[in-house]
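Engineer: Just to be clear, the model below is a prediction. Sequence and coordinates:
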Amino acid sequence: MKVIIFMGSLTMGGAERVAITLASYLANNNVCTYLVSFDKNEPSYKIDKNVNFINYQNSHSNKYDGIKRRIKFMCEEFDKINPDLIFTMFYDINLYALIYKKFHNKKVKIVSSERCNPNQIKGMKRILMSISSKMCDGFIFQTERAKKTYSKKVQMNSVVIHNAISNPKLKEINVNEIKKEKTIVSMGRLEEQKAHDIMIQACKPILDKHSDYKLIIYGEGSKRKYLEDLIKYLELTNKVVLPGNDENAIKKVATAQIFLLTSRYEGMPNALLEAMSLGIPSISTDCDMGPAELIENGKNGFLVPVDDVEAISEKLELLISDENLRKNISLNSTKINDTHSVNIIYDKYLNYFKKIVGGKNV
């Protein structure tokens with residue numbers, strides 16, 4: 001079976017990491033795997049030597065910029081490969097793949113996947129997403145909630161597969177040797193979606209009461225100045241820290257007592273997955289779409305209403321004041337390593353691809 005994982009870019013991002021780690025898994029399980037990108041820049045993540053990597057830069061000396069040239073590049077490369085299946089993760093790239101199928105290779109199977117919250121896609125993008133998804137041979141959703149937002153036709157040919165715990169830096173962390181610090185941590189872009197203003201307000205009474213604790217928020221974005229001003233206004237300077245982006249953030253997150261996610265919406269939050277895999281007691285908003293499919297409220301973490309400052313503060317106080325509760329939630333949260341490992345999750349991808357192709361032997 002020949003599989004192409006087709007991306008617009010392979011720079012820093014959750015979907016891009018999924019593409020590269022999935023390609024590695026397939027290639028090391030006897031699947032002839034190609035990773036093809038429209039981006040001429042080098043990937044942000046290391047690509048396995050068994051994966052055939054093709055992009056503008058290493059395929060052609062001239063620039064391929066513009067729709068016609070992209071189509072030309074795609075068709076030339078795909079014709080050489082003659083794939084059984086093309087996997088995409090964004091509706092715009094999916095449209096390119098569907099063009100190839102219609103005019104060059106009607107036998108190839110197209111499987112696509114949503115990587116965000118469908119309810120946040122509006123206007124023409126939503127229309128194109130709806131049209132392209134119906135034309136696919138298969139579709140992969142990250143959550144059951146997301147699946148329900150699509151047409152019955154798409155749902156019938158689909159499967160739900162959560163994200164895998166695939167951050168390679170997690171392998172460098174020995175949880176048994178971690179020295180815990182009195183910190184509450186979060187990871188995410190400093191944008192409206194993540195509601196860091198709500199997070200900071202919720203932490204205010206906690207940090208005032210527990211003076212030895214700090215809130216550390218890893219990430220960068222357009223809301224930095226607003227959040228810095230809020231921190232000053234609430235007199236939390238030196239109590240709330242915004243270190244920006246840090247490629248080793250997960251290693252520092254591992255030392256925290258509590259992980260906090262206050263998003264107003266999500267797809268499938270990798271940051272929450274990774275925190276739970278490390279056994280960090282986690283609190284998340286019960287937002288669309290992913291957290292409620294990871295957290296069993298009160299058992300392996302806590303779910304709170306979106307934008308509810310009081311509820312967040314209450315759960316923070318509960319975890320800080322009850323060490324036995326922290327230990328129990330930590331123990332239960334690490335079970336996610338058994339259900340969301342790379343082998344388990346990507347084996348589901350492989351089996352689904354084989355089913356779509358028609359049971360062809362790998």
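Structural biologist: Nice, thanks for sending it over.

Engineer: Walking through the stretch 251-362 of the chain, point out its helices one by one.
Structural biologist: Secondary structure of the stretch 251-362 of the chain (DSSP state H, counting those that start in this stretch): helices at 270-277, 309-321, 323-333, 336-339, 342-357.

Engineer: Check the stretch 51-200 of the chain too.
Structural biologist: Using DSSP H, counting those that start in this stretch, the helices of the stretch 51-200 of the chain run over 56-59, 67-81, 91-103, 123-134, 144-147, 152-156, 196-209.

Engineer: TSV please, covering those and showing mean pLDDT.
Structural biologist: Listed next are the helices of the stretch 51-200 of the chain as TSV, based on pLDDT from 0 to 100:
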stretch	mean pLDDT
helix 56-59	59
helix 67-81	92
helix 91-103	94
helix 123-134	88
helix 144-147	91
helix 152-156	93
helix 196-209	98
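
Engineer: Would you point to the one among the ones you listed that's packed deepest?
Structural biologist: Counting by mean count of other C-beta atoms under 10 Å, helix 196-209 has the highest mean neighbour count of those, with a mean of 20. For every residue, glycine as well, the C-beta is placed using N, CA and C.

Engineer: Give me the next element, helix or strand, following that one.
Structural biologist: Using DSSP states H and E, the helix or strand that follows helix 196-209 in sequence is strand 214-218.

Engineer: Which one, of the helices of the stretch 251-362 of the chain, ends up nearest to residue 196?
Structural biologist: Residue 196 lies closest, by C-beta to C-beta, to one member of those: helix 309-321, at 11.9 Å.

Engineer: residues in contact with residue 290?
Structural biologist: Shown in contact with residue 290 (C-beta atoms under 8 Å, 6 or more residues apart in numbering): 142-143, 145, 162, 266-269, 272.

Engineer: Grab the nearest non-local neighbour of it.
Structural biologist: residue 268 (4.0 Å; C-beta to C-beta, 6 or more residues apart in numbering).

Engineer: neighbours around that neighbour, how many?
Structural biologist: 25 (other C-beta atoms under 10 Å).

Engineer: where's it relative to residue 353, distance?
Structural biologist: 19 Å (C-beta to C-beta, to the nearest Å).

Engineer: same check, this time on residue 40
Structural biologist: Distance of residue 40 to residue 353, computed by C-beta to C-beta: 28 Å.

Engineer: Who has more neighbours out of these two?
Structural biologist: Shown here are residue 40 and residue 353; by other C-beta under 10 Å, residue 353 has more neighbours (22 against 15).

Engineer: In contact with the more buried one, which residues?
Structural biologist: If you count contacts by C-beta under 8 Å, 6+ apart, residue 353 has them with 1, 3, 31, 85, 87, 111.

Engineer: pretty sure the first one contacts residue 355?
Structural biologist: No: taking C-beta atoms under 8 Å as the contact criterion, residue 1 and residue 355 are not neighbours in contact, 11.4 Å apart.

Engineer: between the two, which one's more packed in?
Structural biologist: Neighbours per residue (other C-beta under 10 Å) separate residue 1 from residue 355, with residue 1 holding more: 18 against 13.

Engineer: Distance of that one relative to residue 213?
Structural biologist: Residue 1 sits 52 Å away from residue 213, going by C-beta to C-beta.

Engineer: now swap in residue 265 and tell me
Structural biologist: Going from residue 265 to residue 213 by C-beta to C-beta gives 28 Å.

Engineer: Could you do residue 20 as well?
Structural biologist: For residue 20, the distance to residue 213 (C-beta to C-beta) stands at 36 Å.

Engineer: Between those two, point out the one with more neighbours.
Structural biologist: Taking neighbours as other C-beta under 10 Å, residue 20 and residue 213 compare with residue 20 leading, 24 against 19.

Engineer: Let's see the pLDDT reported for the spatially closest residue to residue 320 that is not a sequence neighbour.
Structural biologist: Leaving out its chain neighbours, the residue that sits closest to residue 320 by C-beta to C-beta, 6+ apart is residue 210, at 6.0 Å. Per-residue pLDDT puts residue 210 at 97.
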